[in-house]
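Sequence first, predicted model second:
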Amino acid sequence: MSDFTHNFWSIYVAGLTLAGIFGCALLLWMTARKKIDSSDDNTTGHVWDEDLMEMNNPMPRWWMWLFVITIVFALGYLAVYPGLGTFAGKFGWTQVNEYQDEMKKGEEQIAPVYARFAAMTTEQLAGDAPAMAIGERLFMNNCAQCHGSDAHGSKGFPNLTDGDWLYGGTPEQISETIHKGRVGVMPPMADAVGSSDDVRNVAHYVLSLSASPHDSVRASLGKSKFVACAACHGMDGKGNQALGAPNLTDDIWLHGWGEAAITSMINSGKTNQMPAQADKLNEQQLRVLTAFVWGKSNQSSPAR
Ligand code: HEC
Ligand code: HEC
């Protein structure tokens, strides 16, 4: 297929290509015909740099034949392969077909491997070394850029190995996260909390929940303001996996800890997204990935 917007461009490109090839042929023919008078010593009479003279020898035959072969080859190639504008070529070869053939071959090769996985549960897959070797490669190619090659994550990108889950760590929940993606939304909450001092107080209360270093006077002042947060994080601050609201009592911080990080969360809020993978990977790959991620935080797996 071609992306020409108008048939004119196809003809234009084909015309230029053919003009180039026939131009070469014409040049060869003209130069082969032209006889240059030479003097008795077989030079053309041109002299450079005082004593450099040009001999009047014919061009080597082999070189001329190479030239002819190139021209014939070009014409033959353009007759059978696509190259002349939108002309598809006699063989009907396309890059798309070639790509699809190769993909089909690859899938046929891998099918028996995945067929064995089909009957296995997530837990069994996580304990299966060949499955986890595939899982690791899939993870490296599709997930590591955000979650890190060891799946330990970084600021804003959750650690997948720590047993602490925004959206839940059962095979079903992990599978849903990977299939559909997730969007975690914490709205800016400063207005609901009150003055900037109130915001600082709540921040210290949040720090106190995980026994992180905090100012206990501010924390006790902030406690009553935490009702504004309870709708999502729960009255006890343990979070809510249905909303992706993190547990604030476990000293695991996705967006950083300390007064500054938390007041900034309260003042500005945060929208964080895990992109859906269902349209990028097939069902079998997603199963293996689910098991790989599950295995990262569950003992029985060799992939730890
Ligand atoms: C573009 C970056 C990006 C890529 C690529 C990505 N993720 Fe994520 N992932 C995130 C972010 C960000 C979150 C947290 C979302 C939130 O805070 O609401 C997340 C969350 C998750 C969670 C939920 C963790 C929890 O605590 O509940 C799982 C599981 C997960 N990702 C697995 C994967 C897997 C498996 C892949 C590869 C197929 C992948 N991710 C690819 C950015 C990414
Ligand atoms: C509408 C629901 C909602 C409310 C209300 C809410 N949060 Fe959140 N909060 C979230 C979500 C969702 C996240 C995770 C964002 C993400 O996906 O990364 C979050 C993240 C946080 C974090 C970051 C945790 C970490 O691990 O880094 C802190 C701190 C926090 N909230 C504190 C508060 C405080 C304090 C309040 C009340 C003033 C509050 N939140 C109110 C939904 C909420």
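Everything's here; your move. Residues are numbered from 1 along each chain as shown. Ligands and ions are numbered 1, 2, ... in the order given.

Leaving out the residues flanking it, which one is nearest to the single nearest residue of the chain relative to ligand 2?
In the chain, the residue that lies nearest ligand 2 is residue 184 (1.9 Å; Cβ to the nearest ligand atom). (C-beta placed from N, C-alpha, C; glycine too.) What sits nearest to residue 184 in space, not counting adjacent residues and going by Cβ to Cβ, 6 or more residues apart in numbering, is residue 244, at 3.9 Å.

Please tell me how far residue 134 sits from residue 197.
54 Å (Cβ to Cβ, to the nearest Å).

and the two? which has more neighbours close in?
Neighbours per residue, other Cβ atoms under 10 Å: of residue 134 and residue 197, the larger number sits with residue 134, 21 against 12.

Confirm that the more buried one sits in a helix.
Yes - counting by DSSP: H, G, I helix; E, B strand; the rest coil, one finds residue 134 located in a helix.

farthest residue from the center of this structure?
Distance from the C-alpha centroid of the chain, by Cα atoms, centre = their mean, peaks at residue 40 (71.4 Å).

Which neighbouring residues are in contact with that one, exactly?
By Cβ atoms under 8 Å, 6 or more residues apart in numbering, no residues touch residue 40.

quick one: it and residue 47, what's the gap?
Distance from residue 40 to residue 47, by Cβ to Cβ: 15 Å.

before we move on, back to that, what distance do you get for the residue nearest to residue 184 to ligand 1?
5 Å (Cβ to the nearest ligand atom, to the nearest Å).

now do residue 212
Counting by Cβ to the nearest ligand atom - residue 212 and ligand 1 are separated by 20 Å.

And for residue 251?
As judged by Cβ to the nearest ligand atom, residue 251 and ligand 1 stand 15 Å apart.

How about residue 164?
Separation of residue 164 from ligand 1 (Cβ to the nearest ligand atom): 7 Å.

got it, and residue 283?
Distance, residue 283 to ligand 1, using Cβ to the nearest ligand atom: 13 Å.

Close to ligand 2: what parts of the protein are there?
184-187, 189, 193, 202, 206, 228-229, 231-233, 243-246, 248, 253-255, 262, 265-266, 270, 272 (Cβ under 6 Å from any ligand atom).

Make a PyMOL selection of the buried ones in those residues.
Of the residues of the chain next to ligand 2, the buried ones go into a single PyMOL selection, burial set by 16 or more other Cβ atoms under 10 Å:
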select buried, resi 184+186+189+193+202+206+228+229+232+233+243+244+245+246+248+253+254+262+265+266+272
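
Narrow the residues of the chain next to ligand 2 to those in strands?
184, 185, 186, 270, 272 (DSSP state E).

just the residues you listed that are near ligand 1?
Within these, those near ligand 1 by Cβ under 6 Å from any ligand atom are 184, 272.

Adding pLDDT as columns, could you present the ones in strands among the residues of the chain next to ligand 2 in TSV?
Formatted as TSV, those follow (pLDDT from 0 to 100):
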residue	pLDDT
184	96
185	97
186	97
270	96
272	96
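
domain ranges for the chain?
Listed by the TED database, the domain ranges of the chain are 7-33+41-80, 103-181+275-297, 185-274.

Name all residues that make contact with the residue nearest to residue 184.
Applying Cβ under 8 Å, 6+ apart to residue 244 gives the contacts 166, 167, 182, 183, 184.

Recalculate using a threshold of 6 Å.
Contact analysis of residue 244 by Cβ atoms under 6 Å, 6 or more residues apart in numbering lists 166, 167, 182, 184.

Next, check the residues you listed against the strands and list the overlap.
Filtering these for strands - DSSP E - leaves 182, 184.

Out of the contacts of residue 244, which comes closest to ligand 1?
Comparing these against ligand 1 with Cβ to the nearest ligand atom picks out residue 184 as the nearest, at 2.5 Å.

what about the strand or helix carrying residue 103, average pLDDT?
Counting by DSSP states H and E, the element that carries residue 103 is helix 95-118. Averaged over helix 95-118, pLDDT sits at 93.
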